[in-house]
Structures are given as C-alpha cells and as structure tokens.
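Colleague: Predicted model follows, preceded by the sequence.
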Amino acid sequence: MKPLDPKLLSHAAPARRYVALVTVTGILSAALIIAQCFLISYAISPVIDGTAGLTDSIPFIGSLALVFLGRMVVTWIQESFGHRAALATISELRSKVLDKAGDLGPRWLAARASSIVTFTTRGLEDLEPYFVKYLPQLLLTATVTPASLFVVLLLDWPSAIIIVFCLPIIPVFMILIGKMTESTSKKKLASMESLGDQVLDLIAGLPTLKALGREQGPVKRVDSLGRSYTMTTMAALRVAFLSGSVLEFLATLSTALVAVEVGFRMVYGYLDLTTGLIIIMLTPELFKPLREVGSQFHASTDGLAAAEQAITVIETPISEPGRLPSPDLNRSDIVIENLSVEAEGRGIVAPAGLTATIPHGHITALAGPSGSGKSTTVSVLLGLLEPSAGTASVNGVPIGQIDPDSWRSQITWVPQRPVLVPGTVAENIGGIDDEAARLAGFDEVIDTLPHGWQTQIGQGGVGLSLGQRQRLALTRALRERRALLVLDEPTAHLDQTSEAHIIEAVQAAKSNGQTVLVIAHRPTLLAIADKIITVSALEVAR
C-alpha cells in the first residue's frame, strides 16, 4: 500500500478529514517555523553585533513566545485529532470488513476466519502510529520542506544549492529501507496470523484433546510459533532502529555541510550574521520532516499491511442482490432443480445434482452422510451462497432474484450453535412468551433458573447446558412464528430428554402452520418428517 493510499481515504471518511486537517496545520507549521527562525535571528544578531541592546530585542522575544505557543497548539491538534481519526478509521474499516464478510457468506468466511480475526483486531490497531506519527510528518514534508527551501533560496542561493544536492539522498535511502521494512512487516503479520490460527484451533479443540489426554501435545508447536513471531518482530524492530540511525546520520551530515559553508562565508564577510543564523536554524527544520518520515515509516507499515488486507476484503466483488418481492412461504413450495455447489479447494461437489421439493406446511428432513452438502443446501436456500449449477426457486422465481430482506423476513434459522448474547433470558428470546416456552419445553428450564426469565446468561449461552440453549433458540424461533423454520441438526449432542423436547417443539411448529426444514441424522428426527430428501456429494477429478 502507498504511504498515502487513495483507497484508504476512499473507504474511511475520518481519514479524509484528518488529511485535510493535517494539510492546514502543516501550512501553519511551515509559517511558524520560518517565523521562529527569523525572530530568533532578529532578536540575537543585533545584540551579538553590538548594534542594539537587550531591550531592543524584547518585541522579538514576545513575538517568539507567541510563535512557540502556536507551534505547541498545532502539535497538540495534530496528535489529538490523530488519535481520534485513527480510532474512527479503525472502527469504520472493521465495520465494513465484517459487513462485507457477512455479505460474502459463511463458506467464504469459514475459509478466512482466522486471518480476518487477526488483521481486524491486532493488525488494524497498528494504524494508530500511522495517523499520529507518520502521516503528519509525511504532509509536513510536502509543506515545511519546500517552504523552507524557498526561503533559503531567497536569502542565499549557494546554501540552497547544497541543500538541493543533499536533499534527494534521504528519500533514496528511505525508499531502500522502506522496502526492507515493508517486507519484514508483511512477514510479521503472516507470522501473527499463523500463530492466531493455531491458537484459535487449539482453543476450539481443547475439550476434545483434554478428553483424549493429549492436551500437552500442541505445546511445542505453539511455543515454536511464538518464537517465530518473536524473531520476526525483532527483525522488524532491528530494521526500524537501523533505518532511524541511518536517516539521522544523513540529515545531520547534510545540516553540517550547510553550517560549515555558512560559517566560513560569515567569517570572511560574504554573509551577514542575521542571514547566516536564519539559514543555520532553518536547515535542520527543512530536513526534519524527511528524517521523521523515514524514522516513523516502520511504525506505519504493520497497520498499512492490515489496512491493505481490509481493503481487499471490502473491494471483493459480490453479485447484486435480487430486487423481486418474496412470494408468501405460507402458501408456496420451494423447488430445487439439479442443484450443485462446488466446494472451494476440496475437489468435491456437495450437493451434486440435487432435485427435490420442500412442501409448505410440512416437516422436511435433509438426510445424508457428513460432507454430502446438507448445510450447503440450507445456505443456498437462505440466500447466503450461490449455486455452481441448478436453481432453488419459489413460484418459479429463483431465490437469487428475490430481495434478501423480503426473503429472510419469512425465515427463522436455528444453527447448531445458536447465537446467544450476554443478557437476560428474556432479552435473548425477544420478550417473555410462556406459550412458546411451553411448546419448546423451555418452561421447565425457566422454573429451574434462579431468576426465571430475568436470569443473566453469558456469551454463547454460558450458564445453560447445550440442551437448554437449543430449547431457548427454539423458543425464540417459535415466538417469531415465521413461515419457514430451518433447523441444523437441533438434537446433536443432546440427551434423550432434551431430544424429546426438541421433537415436540418441531411438531408444534408444524401445528402452528410453519414449514419446517431440518438437517437430521438421528432416526427420531427422521421419523417425524413428512418428507426425507437424501443429499449426496460427488468427487471432481483434478
């Protein structure tokens, strides 16, 4: 990504506003710096020459105090608004990435979940140094440096020639060092993503590993990844420190050349003291933004690498959503014709050539071995995934052409792991509904909870058992009473008592006139289905 990439500005309004602010403050900084150098020289040069006394310098000293105050205010504005712009930009990019990931569907997200988690959390946090440290110096380079050089040129053209000769050396070294820093930053981000993937997988599988007595097995692998990340981080820091030292040396050397040349010319009377002091003081300020840009470049590369990934996700093309109104699912069947979905990177089509009808007002079960495409079929029906071939339609209208909001407003989906958020039981259901709780068998759970409907639960339903969570999700689904109820293996991992309640709830939904589509493995669920659709997969030759 470029140091000031238009893509970042186009996707983050706070970044655009901050760039405009820094541009204005940069112009003010240039004027204040030049004024500071002139005021200092006018204040002390006559005193040194003996042509004026200290009292004659008081007006210049007073003006100088105001200039110092002005520079302090400008610096405070840049840093203060830099932090705010960084936080706002990070928040906006995160929001856009998550929204786009949701639009791209669960299958796309599943293949990249760990990477997205890494760069939207820790990765984007590194944008803060970019806004606070790097970007202001970059824009100061475009204001202070040319303005100062123009002033030096007006005052003394030989000094300006030396500066013009020395000036390109810093950007050349900065580019070379920047390429190396960018490479190490990308390696650091990749190492962080790899470590994050492994840790997330380990956490997800830890209960299984513990049950098998293998919880100590991944320790060496995680330790190895941690060391790799540490080494990559230290390599990036080494490059950063070396780059800062090299740029500091080059800027100091360039300033020294100008100072020596000005000093000799003042000694031999070719340059007056006032002009010489202005040039000597102005030269370091002229090189400072360039030096700081190089020094702070390493602080920005990590954030820019993550921002580049975020923008890649945001700009990932998706098909235009449908615009047709949804047919009434209370009176319409869903027709699947020769539906096939190719699994990315797996070399299989699942489902493969599925043709079936889901009648309204009935219980339909999707059956088949694991990996045959049952969940994928549901994703197509929910409008979350586009088929590779074939169609799923209602009243002759393909689901892809139906307005997603209109379509999904008639559907309740209960996945294997229902989404439960911290709050009360009533808040997770959407209100108190004793009838829906009775139909789902959740009334028995309410009676055992310490505060009934107002009992607090944690993220994901912490505080409830798996069966209780499923019954809560079914209570929510029955309370909504939408036309189509989709259940993804609702009895998986449940005991017989919990399973019986789920089955009763499914039958109650049918009695209420809802169409029920259930992914089922257990015979008890298949037994209550009015229709069973067998889903199969097909391997594709590579």
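Modeller: Yes, it's here.
Colleague: what's the spacing between the most centrally placed residue in the chain and Gln216?
Modeller: For the chain, the residue sitting closest to the mean C-alpha position, by C-alpha atoms, centre = their mean, is Thr120 at 2.9 Å. Here Thr120 is placed at a distance of 31 Å from Gln216 (C-beta to C-beta, to the nearest Å). All C-beta atoms are positioned from the backbone trio N, CA, C, and that covers glycine.
Colleague: Now do the domain split for this structure, please.
Modeller: Structurally, the chain divides into domains by automatic domain parsing as follows: 6-314, 334-539.
Colleague: Name the spans of the stretch 401-542 of the chain whose pLDDT lies under the cut-off.
Modeller: Within the stretch 401-542 of the chain, the segments meeting pLDDT under 70 span 493, 540-542.
Colleague: hey, where'd the helices end up in it?
Modeller: For the stretch 401-542 of the chain, applying DSSP state H, counting those that start in this stretch gives helices covering 404-408, 425-429, 434-440, 443-448, 466-480, 496-511, 523-528.
Colleague: Can you add mean neighbour count and distance to Phe165 and give the ones you listed back as a markdown table?
Modeller: What follows is the helices of the stretch 401-542 of the chain, written out as a markdown table (neighbours: other C-beta atoms under 10 Å; distance: least, C-beta to C-beta, whole Å):
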| stretch | mean neighbour count | distance to Phe165 |
| --- | --- | --- |
| helix 404-408 | 17 | 62 |
| helix 425-429 | 20 | 70 |
| helix 434-440 | 20 | 81 |
| helix 443-448 | 15 | 81 |
| helix 466-480 | 24 | 72 |
| helix 496-511 | 18 | 81 |
| helix 523-528 | 14 | 82 |
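Colleague: Distance to Ile162 for those - can I get that in TSV?
Modeller: Shown next, in TSV, are the helices of the stretch 401-542 of the chain (distance: least, C-beta to C-beta, whole Å):
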stretch	distance to Ile162
helix 404-408	65
helix 425-429	71
helix 434-440	83
helix 443-448	82
helix 466-480	74
helix 496-511	83
helix 523-528	85
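Colleague: and of these, who's closest to Leu98?
Modeller: Closest to Leu98 of those is helix 404-408 (C-beta to C-beta; 17.0 Å).
Colleague: Just the residues contacting that closest one, thanks.
Modeller: 321-322, 325-326, 382-383, 399 (C-beta atoms under 8 Å, 6 or more residues apart in numbering).
Colleague: Just the residues you listed: which are in helices?
Modeller: Assigned to helices by DSSP state H, none of those qualify.
Colleague: Select, from those, the two members most distant in space.
Modeller: So, the contacts of helix 404-408 by C-beta to C-beta: farthest apart are Pro325 and Leu382, at 17.4 Å.
Colleague: Who has more neighbours out of those two?
Modeller: A direct count of neighbours by other C-beta atoms under 10 Å for Pro325 and Leu382 places Leu382 higher, at 18 against 11.
Colleague: what's near enough to touch the residue nearest to Gly467 when sequence neighbours are not counted?
Modeller: Nearest non-adjacent residue to Gly467, counting by C-beta to C-beta, 6 or more residues apart in numbering: Ser498, 3.0 Å away. Ser498 makes contact with 465-468, 470-471, 491, according to C-beta under 8 Å, 6+ apart.
Colleague: How about Gly373?
Modeller: Neighbour list for Gly373: 341, 349-352, 354, 535-537 [criterion: C-beta under 8 Å, 6+ apart].
Colleague: Nearest to Ala310, out of those residues: which one, please.
Modeller: Relative to Ala310, the closest of the contacts of Gly373 is Val341; by C-beta to C-beta it sits at 27.7 Å.
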